[in-house]
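Colleague: fold the following, please.
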Amino acid sequence: MALYEHVLMARQDVSAQQVEALVEQYKGIIEANGGSVPKVEYWGVKSLGYRIKKNRKAHYSLLNINAPSAAVLEMERQMRINEDILRFLTIRVEELEEGQSAMLQKRDRDDRGERGDRFDRGGPGGGGDRFDRGGDRGPRRDRPRRDDEAAPETISAEA
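Modeller: Now for the predicted structure:
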């Protein structure tokens, strides 16, 4: 039997329990046709890159499937009929991923640490605060004036 990773996107206005029921329904279709679903992950509600059927968000779920192609085709046929399923994608893989998927690992990971002061950007590519840009932004005060450079004089009233 072949191994597949299947991701489905359900409408945002169905509840998480209804999405779980949909996943169980499709899992039953796979098992009825001689396959198995060793892992199911619910990724939660995520924003879409663009609107799909007037939806801006969707419930995402991942299914790892070990089944013949006929079982996967039947599951996909049932998904096309269901109005609650916005999109789905099935990919054949060489081996199924053990443990959490990358989407759940990204959610659990919090290695950003402290951000510190926003204007303290020392180090490579930092550059200091936003006013320390260098360049020629007016007369330099750290060098003596040349002879041909006139010093700003005060205007006196000579009358």
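
Colleague: regarding Ile29, what is its secondary structure?
Modeller: Put simply, Ile29 is helix when judged by DSSP: H, G, I helix; E, B strand; the rest coil.

Colleague: wait, it sits on Met79?
Modeller: No: at 9.5 Å, Ile29 and Met79 do not qualify as touching, with contact defined as Cβ atoms under 8 Å. Placement of C-beta: from N, CA and C, glycine included.

Colleague: check Val102 and give its pLDDT.
Modeller: Careful, residue 102 is Ala and not Val. With respect to pLDDT, Ala102 has a value of 80.

Colleague: quick one: it from Pro68, how far?
Modeller: With distances taken as Cβ to Cβ, to the nearest Å, Ala102 is found 27 Å from Pro68.

Colleague: which one of those two has more residues nearby?
Modeller: Pro68 (14 against 8; other Cβ atoms under 10 Å).

Colleague: show the contacting residues for the more buried one.
Modeller: By Cβ atoms under 8 Å, 6 or more residues apart in numbering, Pro68 lies in contact with Met1, Ala2, Asn33, Gly34, Gly35.

Colleague: tell me the pLDDT of it.
Modeller: 94.

Colleague: for it, give me phi and psi.
Modeller: Main-chain dihedrals, Pro68, degrees, to the nearest 10: phi -70, psi 160.

Colleague: any stretches of the protein with poor pLDDT?
Modeller: Scanning the chain for pLDDT under 70 picks out 107-159.

Colleague: which parts of it are helices?
Modeller: Assigned by DSSP state H, the chain shows helices spanning 16-32, 69-81, 102-108.

Colleague: reformat these as a markdown table; add distance to Lys39.
Modeller: Below are these laid out as a markdown table (distance: least, Cβ to Cβ, whole Å):
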| stretch | distance to Lys39 |
| --- | --- |
| helix 16-32 | 11 |
| helix 69-81 | 16 |
| helix 102-108 | 11 |
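
Colleague: quick one: which of those is nearest Ile52?
Modeller: Among these, the nearest to Ile52 by Cβ to Cβ is helix 69-81 (14.1 Å).
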